[in-house]
Every structure is written in C-alpha cells, then in structure tokens.
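Trainee: Fold the following.
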Amino acid sequence: MNLEDILILPKQIKTEKWQLGNMISNEIQENGIVLIFCSDYRGINDGDAEILDFKQVRKELYQLSKLDFEVPICDLGDLISGKSHQDTHFVVQEIVSMCLQKSAIPVVIGGSNDLSHALFSALNFHHKNINYTQISNRVLLSSECEEINEKNFLSKILSSKNFSVKNYHHLGYQKHLNEIDSVKLMKEVEFEVIRLAEMMNSTERTEPFFRRADLVTLNCDAVESLSDGFSVNPQVNGLNKREICAYMKEIGLSQNLKAVGVFNYNANSREFLNHQLLSQMIWYLIEGINIQKSHPIERYYETFWVLIDDDKYAFKRDAFSNLWYFGDDEKIENLIPCSRLEYEDAKRGFLDKRFTKN
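Mentor: Take a look at the predicted model:
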C-alpha cells in the first residue's frame, strides 16, 4: 500500500528546539508512536466523511514541550476516507498493521467510534488473547445491521469466532444513557463495567484496567463538553479535562499497549479550548508511553497476606512502581492487577469478586 495515495501529509508548523514538533517526523520508526488523523464519521447516524482540518490540534500539540522524550514520534497526516465507510475500515486496518509490524504504537485520532473495530481487527491479526479497554459513556450491543457502525461494533468484536478477546473492560458508562439489559448482559458474561462515578477525582481504582491493555479506545462522548461540544455527541456529564488527561497518561503507562483510538472528536469545533484539550490529551499519552519504556525489566515484589474468615489471600506490591497485584503465583503475568485501595478493602474483610471468580 502506498501511503502517499491515502494520506495528506501535515503542513509544516514552525516550532522551537524545546517543543514536541521539533522531534516529529513523517516516517514510521521502529518502537515509535504513529499519529493518524481520520475524518470518516459515517459510522454515526447522519455522519459524513468530509475532509476535516486538524491544523489547530496539531499546532497546539507541536508547540508543547518535548521534555526528555526519547520514543520517536511520527505524524502520518490526514487519512483520505474511502468511497465507503467499510473502505475506510480496511485502510485503517492496513495502516495499523504496518505500524504493528514495526512494533510502533498507532494512535488513530478522529472518525466515528466504530473504527475501534478496525483497530481490534488489525491487532487480532498479529496477536491473540487481546486485553481491550474502552472508555465510553454508553454500552451499545446492537446486532440489527450487517454493516459496522457505532451501535454494533462492540457486539461484533465480542461475538466473533475469529477474534480472540482475553479481557474486556468498559469504563465510564452513565446509567441514564444506557439500556439496562446491555449492562446486565456484560456483567453476566463477567466483563467489567465501571460507572463514571468510580472514575472521578482519582485514577487509582480504575488504573488496573489499563495496566495490561493491548488496545484502548476512547469515545470522546465520555468527556464533559465545553462550549459547542468536545465530541460529536456532546454531553453535559463526563470526565473533566484534568481527569481525561490523567487517564490518557495511564493508557500510555500500559505494559502491553499496542494501539490507541480517540474517536467521536468534534473536529469542527469553533472553540479553541477543545482543540487545546485534545492536543494535551495526546501529549499525556505520549508522556505515559515514554515513562513506561524507561521502566526497568527486572522488578522486586513484596508480598502481603490477608486473612478473611478462614481463607488467606496474597497481595503483591511492585517496589519500583508501587503498583499492586492479587495472587501468589511466582509469575507476575499470572497475577491480577489491582489497586492499593482494594488491598485496604481486603484487610477490612471486603474482597472484590473479580479476584475469585476464576
């Protein structure tokens, strides 16, 4: 595939040496980060694929500090939408696959939320037993339409015999926006569904759901809207600007992160602060990735035993990162990521059911 035929290279933005734009190239590099901007919103009712201008977002992003970042960053530019929405899905899969072949992390920005399916499909081609975490205010499990859209893409991922889903976590759902049967179904099959209220003010309780994520997608509808709307479906309730930046950093800190999607963003917004917020969200994601790649491979774990009734349970703490795990297996990959708060709850006799369901 010739990238020049499907992508419009970004226009040059003047930056200073200390700014992020000074280290951004237009070539995919090994173990790097790849930014891809998309304008196809046809997965939403009345959505279109008219080319959108992400210049303001880029300008804000490029002029932020590059700190001591070492991970190479590529901005491939703006994706030219396909003749059909399914064509765009195919092209996104191909580009994401190209990135994965170089162990680079593709970050698709813009487009409708169903493009999460394209990211999962590309990732599934290269890896099995995928840990997928989605931040979205709605749990949509429609199966009415054959063509992929934002209402049915999740059910297609979770029900497909060709896809290998190890864990799925749905964060940030809001009760008043959801059909109760969809949420009940997710819980019946033992997928974690976390309310917005549990994510507010601190990332500590929900950080474990990002720690081993291979794929994370964000539906911008889950973010509190400013002025004319941060998302294409603006909401008065959602994660605020500080919280969403903190979560973007947590996404970057994932030990297994392979792809990220930021969808349903309102690229036509006339509010400068919306573009500034998205640029800073991307920056915090990049910071998290850089920090994770600097972590030492060898770790030391402290073990803490908790007695509940007649049963004894082990919690382990990573002495370097101060992150917690549940279980007593010698292999850390067999332990369940948890929070310090869950350890404290266990000491009071309350053990989260996800620790014992298997």
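Trainee: contacting residues for the most centrally placed residue in the chain?
Mentor: For the chain, the residue nearest the mean C-alpha position is residue 216 (2.6 Å; C-alpha atoms, centre = their mean). By C-beta atoms under 8 Å, 6 or more residues apart in numbering, the contact set of residue 216 is 132, 133, 134, 135, 210, 251, 254, 257, 259, 260, 261. Yep, even glycine has a C-beta here, placed from its N, CA and C like the rest.
Trainee: now the farthest one out in the chain, which residue is it?
Mentor: The chain, farthest from centre, C-alpha atoms, centre = their mean: residue 310 at 39.7 Å.
Trainee: pLDDT score assigned to that one?
Mentor: Here, the pLDDT recorded for residue 310 equals 89.
Trainee: how far away is it from residue 304?
Mentor: Residue 310 sits 18 Å away from residue 304, going by C-beta to C-beta, to the nearest Å.
Trainee: rewinding a little: ok, so what distance separates the residue nearest to the centre of the chain from residue 200?
Mentor: To residue 200, residue 216 is 19 Å away according to C-beta to C-beta.
Trainee: Return the distance of stretch 329-336 from the chain's centre.
Mentor: Relative to its chain's centre, stretch 329-336 lies at 24 Å (C-alpha atoms, centre = their mean, to the nearest Å).
Trainee: which parts of that stretch are buried?
Mentor: Neighbour-count burial for stretch 329-336 flags 335, 336 (criterion: 16 or more other C-beta atoms under 10 Å).
Trainee: Show the end-to-end separation of it, please.
Mentor: 10 Å (C-alpha to C-alpha, to the nearest Å).
Trainee: Repeat that for stretch 247-264.
Mentor: First-to-last residue span, stretch 247-264, C-alpha to C-alpha: 17 Å.
Trainee: buried ones in it?
Mentor: Buried residues in stretch 247-264 (16+ other C-beta under 10 Å): 247-255, 257-264.
Trainee: what does stretch 128-141 give?
Mentor: For stretch 128-141, burial by neighbour count (16+ other C-beta under 10 Å) applies to 130, 131, 132, 133, 134, 135, 136, 137, 138, 139, 140, 141.
Trainee: In strands only, show me the buried residues of stretch 247-264.
Mentor: In strands, judged by DSSP state E, the following of these are found: 259, 260, 261, 262, 263.
Trainee: State which helix of this structure is the longest.
Mentor: Longest helix of the chain, by residue count under DSSP state H: helix 272-293.
Trainee: and it, which residues are buried?
Mentor: Buried-residue list, helix 272-293, by 16+ other C-beta under 10 Å: 274-290, 292.
Trainee: Stretch 8-28 now?
Mentor: 10, 13, 15, 19, 20, 21, 24, 28.
Trainee: who are the neighbours in contact with the nearest residue to the third one once chain neighbours are set aside?
Mentor: Going back to what we said before, that points to residue 15. Counting by C-beta to C-beta, 6 or more residues apart in numbering, residue 15 lies nearest to residue 21, which is 3.4 Å off, once chain neighbours are set aside. Contacts here follow C-beta under 8 Å, 6+ apart; on that basis residue 21 touches 13, 15, 61, 62, 63.
Trainee: Bridged to residue 302, which residues?
Mentor: Note on residue 302: beta-bridge partners by DSSP bridges are residue 317.
Trainee: Just give me the neighbour total for it.
Mentor: 10 (other C-beta atoms under 10 Å).
Trainee: roughly how far apart are it and residue 257?
Mentor: Counting by C-beta to C-beta - residue 302 and residue 257 are separated by 26 Å.
Trainee: What is the neighbour count of residue 80?
Mentor: When neighbours are counted by other C-beta under 10 Å, residue 80 comes out with 16.
Trainee: if I look at it, how far off is residue 35?
Mentor: 16 Å.
Trainee: now residue 348
Mentor: For residue 348, the distance to residue 35 - C-beta to C-beta - is 45 Å.
Trainee: and what of residue 301?
Mentor: Where residue 35 is concerned, residue 301 sits at a distance of 35 Å (C-beta to C-beta).
Trainee: Helix, strand, or coil at residue 77?
Mentor: strand (DSSP: H, G, I helix; E, B strand; the rest coil).
Trainee: bridging residues for it?
Mentor: Going by DSSP bridges, residue 77 forms beta bridges with residue 36.
Trainee: which residues touch it?
Mentor: Taking C-beta under 8 Å, 6+ apart, one finds 7, 8, 9, 10, 26, 36, 37 in contact with residue 77.
Trainee: Ok, residue 147 next?
Mentor: 85, 86.
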